[in-house]
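1. Starting from these lines, generate the structure:
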Amino acid sequence: MKLFFLLILLVSMATHSSIGAETPLMVKATPMLMQQIKIIAIGSSQVHDSLRLPARVELDQQRVARIGATVTGRISETRAILGQEVRKGEQLAILNSTELGLAQSAYLKTRSQLALRQLTVNRAKRLFASDIIPAAELEERESLLTEADIDLRTATDQLRVFGMSDTDLARLAKERKINSLLPITTSIQGTIVERTVTVGQVVQPADALFTVADLSHVWVVAELPEQQADWARKGDEALVTISALPNQEHRGSLVYVADMVDPNTRTVTVRMALPNPQRLFKPQMLATLVIHKLGHQELVLPDAAVIRIDDRDHVFVQTNADEFTLKPVKLGNRDGDRRQVLDGLQSGEKVVVEGAFHLNNERQRKELG
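-> Here you go, the predicted structure:
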């Protein structure tokens, strides 16, 4: 009887020993399953740290012109509408200004005065050469000529400020006809994105009547918290995604990082330049700006190798030609399609990067069996 119980005990121990030889975390792949598996040896790589910021699309202020009147007057005609494409120098509106007419009148008068005094000086020079008038009288007339020349220069500069070109001035001097109509023209090529003027409106030089913008380039602007101000430097690599344009990523670099903190928001403004040849990005669109910075050499793992089990990250490590062990790992930040390995793996270990899902199904099937 004792011998019988001893045999039963030995058989039981052998059974338990054989069950423990293959733990629940180990799985042996079939030849068919091996064809669906891809294995790589993990190693170190340059890891990017990244910071995500809410952002918005804005006009490139270096490609924007706010067009206004150069003189007080009343709008008599408009020739441009919102959204219209315009060329540099194209007329947007016509201004009727009595102030311009008065300035042209003053210009013509000073030209006539200058011509008259020039004749007077020429005559005085002949009389002085014949000893008919003294030198003091000649000097007096030359002084009056200088004053007239200064008045003409002043009147000319005023008309240029009002928007008259040299061609316009030459025509005015030749025809001697006052024209109080002044065209308002655009100084850049682009699209009219704002118009605040109507026919009959009285405008001042300080009024912005049209805003013209070159939309082929835009800015992506974000506010960096003061505590993370050391994150951004001009020239840093950046990536932007637009909420209205999903599944699209656009790379670039930071073109501006503010040197001062906004006292109201305690943030630092950063900008990224974004080409916009097809006009897909519209100002005031919401976006996400990701700023990348190069980190140190770190052990990294493809994100596709990671399996989430019981709220923990795991990977399958190859322990034999067709045997794999499920190991828990501690992972850091995601850098694109890679994850930083903090604990659980060593450089050179071979992990499954494709087919881990099938391996895990096989492991679970064994556990249930």
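
2. Nearest residue to the middle of the protein?
-> Geometric centre of the chain, nearest residue: W219, 2.3 Å, by C-alpha atoms, centre = their mean.

3. mind checking how far that one is from L274?
-> 7 Å (C-beta to C-beta, to the nearest Å). The way it works is simple: take the backbone N, C-alpha and C, and place the C-beta from them, glycine included.

4. cool, I75 as well?
-> Distance from I75 to L274, by C-beta to C-beta: 36 Å.

5. list residues touching both of W219 and L274?
-> Residues touching both W219 and L274 (C-beta atoms under 8 Å, 6 or more residues apart in numbering): V57.

6. Residues in a beta bridge with the closest residue to S97 other than its chain neighbours, which ones?
-> Excluding its sequence neighbours, the residue lying closest to S97 (C-beta to C-beta, 6 or more residues apart in numbering) is G73, at 3.0 Å. Assessed by DSSP bridges, G73 has beta-bridge partners V203.

7. Test my guess that G73 contacts A93.
-> No: using C-beta atoms under 8 Å as the test, G73 is too far from A93 to be in contact (10.4 Å).

8. contact partners of stretch 350-366?
-> By C-beta under 8 Å, 6+ apart, the list of residues contacting stretch 350-366 reads 24-27, 29-30, 33, 36-42, 301-302, 304-305, 307, 309, 315-318, 324, 326, 345.

9. try stretch 157-170
-> 70-71, 97, 99-100, 103-104, 106-107, 156, 172, 182-184.

10. Using neighbour counts, trim those to the buried set.
-> Burial by neighbour count, judged by 16 or more other C-beta atoms under 10 Å, picks out 70-71, 97, 100, 103-104, 106-107, 156, 172, 182, 184 from the contacts of stretch 157-170.

11. For the helix or strand where F324 lies, name the packing helices and strands.
-> Using DSSP states H and E, F324 sits in strand 323-335. Counting by 3 or more C-beta pairs under 8 Å, 6 or more residues apart in numbering; DSSP states H and E, the packing neighbours recorded for strand 323-335 are strand 26-28, strand 44-59, strand 286-302, strand 312-318, strand 338-343, helix 356-368.

12. in the first one, what counts as buried?
-> In this case it means strand 26-28. 26-27.

13. which parts of the strand holding F324 are buried?
-> 324-327, 329, 331-332, 335.

14. Please identify which of these is nearest to Q201.
-> Closest approach between the buried residues of strand 323-335 and Q201, by C-beta to C-beta: D335, at 56.5 Å.

15. Can you check the pLDDT for that closest one?
-> As summarised for this prediction, D335 has a pLDDT of 66.

16. same thing with I19?
-> On the pLDDT scale, I19 gets 35.

17. try H250
-> pLDDT, H250: 91.

18. which residues touch it?
-> Residues counted as contacts of H250 (C-beta under 8 Å, 6+ apart) are 239-242, 274.

19. Can you tell me which of those are buried?
-> For the contacts of H250, buried by 16+ other C-beta under 10 Å: 239-242, 274.

20. Tell me if I am right that M32 is in a helix.
-> Yes: M32: assigned to a helix according to DSSP: H, G, I helix; E, B strand; the rest coil.

21. Counting neighbours, what do you get for it?
-> 8 (other C-beta atoms under 10 Å).

22. Kindly report the same for A135.
-> Count around A135 with other C-beta under 10 Å applied: 9.

23. how close does the residue nearest to V329 when sequence neighbours are not counted sit to R338?
-> In this structure, V329 finds its nearest non-sequential neighbour in G344, 3.5 Å apart by C-beta to C-beta, 6+ apart. Noted for G344: a distance of 16 Å to R338, by C-beta to C-beta.

24. the more surrounded of the two?
-> R338 (20 against 17).

25. which residue sits closest to that one, ignoring its sequence neighbours?
-> Closest to R338 by C-beta to C-beta, 6+ apart is V300, at 4.6 Å.

26. Check A258 too.
-> T269 (4.3 Å).

27. before we move on, what about M26?
-> Closest to M26 by C-beta to C-beta, 6+ apart is T325, at 5.0 Å.

28. I figured the one you found hits H314, correct?
-> No: with contact defined as C-beta under 8 Å, T325 does not reach H314; the gap is 9.9 Å.

29. starting at the chain centroid, how far to the longest helix seen in the chain?
-> Ranked by number of residues, the top helix in the chain under DSSP state H is helix 98-129. The chain centroid and the centroid of helix 98-129 are separated by 55 Å, computed with C-alpha atoms, centre = their mean, to the nearest Å.

30. Which elements pack onto that helix?
-> By 3+ C-beta pairs under 8 Å, 6+ apart, helix 98-129 packs against strand 73-78, helix 135-161, helix 166-175.

31. got TSV for the ones you listed, with mean pLDDT and distance to E226 too?
-> Below are those laid out as TSV (pLDDT from 0 to 100; distance: least, C-beta to C-beta, whole Å):
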stretch	mean pLDDT	distance to E226
strand 73-78	94	46
helix 135-161	90	44
helix 166-175	90	52
